[in-house]
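*Asks:* prediction below, plus the sequence it came from.
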Amino acid sequence: MAKDRFIIKEKSDVFGTGVTVLVDTQTGVNYLYVQRGYGGGLTPLLDANGKPIITKGDWPL
């Protein structure tokens, strides 16, 4: 069975806006996905030095 490329690490609703943190299971890179109405956006989460936040470990979390 093939595992999913992306998994949901955290999900919440902030004032009607869906906020989700996704993890790429092949690279470990964390992404922030924000959705409101018909619009949305995706961006990598960065640390204080501007490098992508990496989650290491076995999948799923």
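*Replies:* Yep, it's here.
*Asks:* any idea how far Val23 is from Pro44?
*Replies:* Pro44 is 11 Å from Val23, where distance means C-beta to C-beta, to the nearest Å. C-beta here means a position set from N, CA and C on the backbone, and glycine is covered the same way.
*Asks:* before we move on, what about Ile53?
*Replies:* Taking C-beta to C-beta as the measure, Ile53 falls 9 Å from Val23.
*Asks:* do the same with Asn30
*Replies:* For Asn30 relative to Val23 (C-beta to C-beta), the value is 6 Å.
*Asks:* comparing these two, which residue is more hemmed in?
*Replies:* Val23 (24 against 19; other C-beta atoms under 10 Å).
*Asks:* regarding that one, which helix or strand does it belong to?
*Replies:* Val23 belongs to strand 17-24 when assigned by DSSP states H and E.
*Asks:* can you pull up the most central residue in the protein?
*Replies:* Nearest residue to the geometric centre of the chain (C-alpha atoms, centre = their mean): Leu22, 2.0 Å.
*Asks:* give me the number of residues near the closest residue to Thr17 other than its chain neighbours?
*Replies:* Distance criterion C-beta to C-beta, 6 or more residues apart in numbering; nearest residue to Thr17, sequence neighbours excluded, is Arg36 at 4.5 Å. Number of residues near Arg36 (other C-beta under 10 Å) recorded here: 13.
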